[in-house]
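Enquirer: Generate coordinates for the sequence data below:
(chains A and B)
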Amino acid sequence: MEDTIAAISTSTMSSGGISIVRISGENAVSVADRIFQSKKNTKLTDVASHTVHYGTIESHDEIIDEVLVIVMKAPNTYTREDIVEIDCHGGILVTRKVLEALLDAGARPAEPGEFTKRAFLNGRIDLSQAEAVIDVINSQNDYALKSSVKQLSGKLSDKIKELREVLLDHVAFIEAALDDPEHISLDNYVEKLEKDVDNSVDNVSKLLKTSNNGRIMRDGIRTVILGKTNAGKSSLLNALAKEERAIVTDIEGTTRDVLEEQINLGGIMLNLIDTAGIRETDDYVESIGVEKAKKYAQDADLVIFVVDSSRELDENDHEIMKMIQNKNVIVLLNKSDMNTVVNKEEILKYMECNVLSISAKEEIGIDQLEDTVKDMFFSGNIDVNEEIYITNARHKNLLKEALTSLNLVKEGIDMGMSEDFLTIDLMTAYEKLGLIIGEEVEDDLADQIFAKFCMGK
Amino acid sequence: MPNICEEYDVVVVGAGHAGCEAALASARLGLETICFTVSCESIAMMPCNPNIGGSSKGHLVREIDALGGEMGKNIDATFIQSKMLNKSKGPAVHSLRAQADKSDYSRRMRKVMENTEHLLVRQAEVSEICVEDGKISGVKTVSGAMYKAKAVVLCTGVYLKARCIFGDTSYATGPNGLQAATHLTDSLIQNGVEIRRFKTGTPARVDKRSIDFTKMTEQFGDERVVPFSFTTDPESIQKDQISCWLTYTNEDTHKIIRENLDRSPLYGGVIHSTGPRYCPSIEDKVVKFADKDRHQVFIEPEGLYTNEMYLGGMSSSMPEDVQYAMYRTVPGLENVKIVRNAYAIEYDCISAVQLDSSLEFKKIKGLFAGGQFNGSSGYEEAAAQGIIAGINAAMYVKEEEPLILDRSESYIGVLIDDLVTKESAEPYRMMTSRAEYRLILRQDNADIRLSKYGHRVGLISDERMNGVIEKERLIAEEIERVKTVNIGTSEEVQKIVEGAGSTRLITGTTIAELVKRPELNYEMLAPIDPHRPELPWDVKEQVNINLKYEGYIDRQMRQVEHFKKLENKIIPESIDYSQIHSLRMEATQKLEKFRPRSIGQASRISGVSPADISVLLVYLEQFNYKNRQ
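Expert: Predicted coordinates:
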């Protein structure tokens, strides 16, 4: 049933360096051995586990590549099955040939996420760890990666287990007391319970609060650059992207549409949306851009408002400030290299925000921008080494449900319900938390999870 | 020489609490039934505590009654004190318990058994089961007589190779010195049944005249007695009740026990079998709860026409002299005279994981089992399995679907599911904590939950069923009505609300909402609900509970929905676990051994992890997909 699977496990898009082909399954070693010729003439089926071997991959009497082969035998492997990894050096086309040779030799191509699925099914990793693998694959920046790696190493599991243990202790105690009232008394017990439930509510709330950061870390900060025509938005984008992507000209209204760009700002991913200048316009094409800009500004996590500090604020600027009153805003007083007529105080008269002076053209002030963004989104002292971040929508929903149940326990205590009622909501909270780490069974869970996996991991 | 040979549809082995329910169910369903007992005088005997019901056990009795069983009716006819326990807690844990007149209880059940059509009580020891091609064909008695049968129900209780022990004294007898059944075990083993050995115990019975009751607290019955059976008219059972008495052990008692532990067969090594953790001997309690300076002792009458009193909470297997010494340290028992010694009893039984959920042996078709033989403890647990085993033996003979109750609809379902999926290391006792959905499995709604099943198999008459349907209709209508009855904030309303210790209403609300307040209930609001119809008491009780705990009941129902989803994923009988390579070795072995009927049941087997269940789910998806194609 559990046949041998193979896939290229490094990105097929990467241009250089080493590509890895991974094989897992009962026959992984013998399949690999069929196409591997060792320099020392050893057979892979005879070698010890977790050893590296140098040689060539051959198919149809033709040498395909010079490789290093790592043989890892069950159960101490990622999938808890025999695994062979082939490090190929000849670039992506050659790597594909190696994979084809393996398929000829008896492996079948792995389905998306199949390695991790096997790791989960074989009990190698728990559910939140399996899900973290998806996040690792999909991580777009360093913070997100670190957070995913934390989940992968089981930090989230540990925290959830800790919370569950407290709840289970209480349920067990109440149940024991109901069954043996002679020896186990519930007198004054509710006070102790309430304290622990309050504590659990705090803990779950804290985890939930990280979920917004979690999303931002995984998906990046949705950022919109606004500013009237020719304020220097495109120059800013270029300065950030260090690449001439937007067209920068001195003619007003050159940026006709919305440009999206992902920019890694000191490890934080900004999903930058550069818009057309905001200006009352009769130009049809440009007016579409303006509408879009407004809409994007509404949905954004962060608005960067670029002001041309060499010109007085005009009605366009005021229009924009009205639009972004309740958003996270950084105002950039651009063109600081020229004679400035707008200063920080003037901006602060109209709205609460961070104001920085920059010169996009001269790339002055970009570092401060980076620091300000970090301050705004990670409270200045983000320490990704300690915190657990909820980056997964399923986890977030389950935490919310657990929180609802915990609050119902508190409500029950306030209403003076007897302990046998309180266990109902305690148990629900316990189960919802259990679903996060896969210690409770949800019937269609496995399918839900594995449908999201990427190829090759 | 040819021996006697008779033919029956169903043979029941044993006439204790399981055997009686099994035999009655089978006979009442029209099957020719014979029930064997080692003594006709010991039918439905209560060799241990003199009461029926109690926490969660009361639920079982109600459920047996709702299915058409006899236990509830029998105790209603023979109780001498009755009490609803846990009334300070929620309705889920309210539990009825009644003291029985033991001999009366036994005598009445004997009369019912002997006067049930299609049923014969036969005094003889069954020594062999006869199996042909994996199917039961009958039983043989010690004398060699053959009784052919299509189905056999084993309810041998604690009689198989029974041994009674106290101190270094031991007799090869059943309880109360009755004859043990010494042969059947070997026949079972020959037919591939795995046998194990459990023990249980009972306290001494003492002479009432030797007790000083002035040193004890009197325990009265309830002023208003609630019957066990849904068919008993509450008015018909209001009567004078007999009291029980409460006293306590003390440090002197514990000291004597500790000093003589080496003389206890349990601690001294004579008894190796496992006893019930939840019904411990006084020796166990002193060892286990070493920090407790006292334990309760309930002095309970054994009946109206005897002076024997039962020392509840002090079961023991200590030598006679130690028993005297320790009992006499208890206030009120200083001069106590023992009528019967406390003793432990060891017996052969099975691990019920050899049975499927219908209580039929997986490997022997037509052979069913119930009661203490299955590794349970308690009269009520026995009777609950007995009625299911009896019904399913009948269903088997009639070639109809077995009756399997699940955990979300009954304590009986919880009991049987636990027995067949968990290899309990000790006699299994029912407890409220074992039921996940106990707010729905209340003792007060057992008729609504289960009458339909009793009716389906044929134990509940159309008339009784119609009564339940009518009751449900009245409850639903009244709940709907009070949800629309708005009450204002008039002084009359405020007076009632404040009179009950609740806070004044600020705005008007409905009766249904007001009932939810902790201090109020449906009955109290009658004066401000002028159009309220006349309703029977049990309908009013249901309306109150359903309104009052609506939020909790709804949430528990949601848990049940999730449970049902996994429960309804049936595992095909042809499944070959060795072919599912992703399962861990331990899980494969356990699943192969238990062969659960659903994913839900599989998830409750210890040694099967949630990840294993995911594997099974994925496999089932593939399996079903292939089968659809």
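
Enquirer: Now for B:Glu401, how many residues are close by?
Expert: Residues lying near B:Glu401 (other Cβ atoms under 10 Å in any protein chain shown) number 11. All C-beta atoms are positioned from the backbone trio N, CA, C, and that covers glycine.

Enquirer: nearest residue to the residue in the stretch 351-500 of chain B positioned nearest to chain A other than its sequence neighbours?
Expert: Taking Cβ to the nearest Cβ as the measure, the stretch 351-500 of chain B has B:Ser433 as its residue closest to chain A, at 3.5 Å. The shortest distance from B:Ser433 to any non-neighbouring residue, by Cβ to Cβ, 6 or more residues apart in numbering or on different chains, is to A:Glu175 (3.5 Å).

Enquirer: Could you list the buried residues of the host helix or strand of that neighbour?
Expert: Secondary structure assignment for A:Glu175, by DSSP states H and E: helix A:155-179. Neighbour-count burial for helix A:155-179, counted by 16 or more other Cβ atoms under 10 Å in any protein chain shown, picks out A:155-157, A:159-160, A:163-164, A:167, A:170-171, A:173-175, A:177-179.

Enquirer: Give me the distance from whatever helix or strand comes next after it to the chain's centre.
Expert: The first helix or strand that comes after helix A:155-179 along the chain, using DSSP H and E, is helix A:189-219. Averaging C-alpha positions (Cα atoms, centre = their mean, to the nearest Å) puts helix A:189-219 20 Å from its chain's average.

Enquirer: same deal with stretch A:339-351?
Expert: With Cα atoms, centre = their mean, you get 37 Å for stretch A:339-351.

Enquirer: Pull out the CA atoms of stretch A:38-56 and give them to me as CSV.
Expert: In CSV, the C-alpha atoms belonging to stretch A:38-56 read as follows (Å, rounded to 0.1, in the frame of the first residue of the first chain):
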residue,chain,number,x,y,z
SER,A,38,29.1,4.3,-6.1
LYS,A,39,32.7,5.4,-6.6
LYS,A,40,33.7,2.7,-4.0
ASN,A,41,31.5,0.2,-5.6
THR,A,42,29.3,-0.2,-2.5
LYS,A,43,25.6,-1.0,-2.8
LEU,A,44,23.3,1.4,-1.0
THR,A,45,21.3,-1.6,0.3
ASP,A,46,24.4,-2.6,2.3
VAL,A,47,25.3,0.7,3.9
ALA,A,48,24.6,1.9,7.4
SER,A,49,21.8,4.4,8.1
HIS,A,50,22.5,8.1,8.0
THR,A,51,25.6,7.9,5.8
VAL,A,52,26.7,9.9,2.8
HIS,A,53,27.9,8.3,-0.4
TYR,A,54,29.6,9.7,-3.5
GLY,A,55,29.0,8.5,-7.0
THR,A,56,27.0,8.9,-10.2
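
Enquirer: Could I get the buried residue list for that stretch?
Expert: Going by neighbour count (16+ other Cβ under 10 Å), the buried part of stretch A:38-56 is A:38, A:44, A:47, A:53, A:55.

Enquirer: Same check on stretch B:396-416?
Expert: B:396-398, B:402-416.

Enquirer: Which of the helices or strands spans A:Arg20?
Expert: That one is not Arg; residue A:20 is Ile. Here A:Ile20 sits within strand A:19-24, counting by DSSP H and E.

Enquirer: what does that strand contact?
Expert: With Cβ atoms under 8 Å, 6 or more residues apart in numbering or on different chains as the test, strand A:19-24 has contacts from A:4-10, A:31-32, A:77-79, A:81-88, A:91-92, A:95, A:98-99, A:102, A:107, A:110, A:115, A:118, A:456.

Enquirer: And for B:Ile189, the neighbour number?
Expert: 12.

Enquirer: Give me the nearest residue to B:Asp417, chain neighbours excluded.
Expert: Nearest one to B:Asp417, counting by Cβ to Cβ, 6+ apart, is B:Arg407 at 5.4 Å.

Enquirer: Next, that neighbour: secondary structure please.
Expert: When classified by DSSP: H, G, I helix; E, B strand; the rest coil, B:Arg407 comes out as coil.

Enquirer: B:Val560 versus that one, what's the distance?
Expert: 9 Å (Cβ to Cβ, to the nearest Å).

Enquirer: quick one: contacts for the closest residue to chain A within the stretch 251-400 of chain B?
Expert: Proximity of the stretch 251-400 of chain B to chain A (Cβ to the nearest Cβ) peaks at B:Gln296, 5.2 Å away. The contact partners of B:Gln296, by Cβ under 8 Å, 6+ apart, come to A:182, B:246, B:248, B:313.
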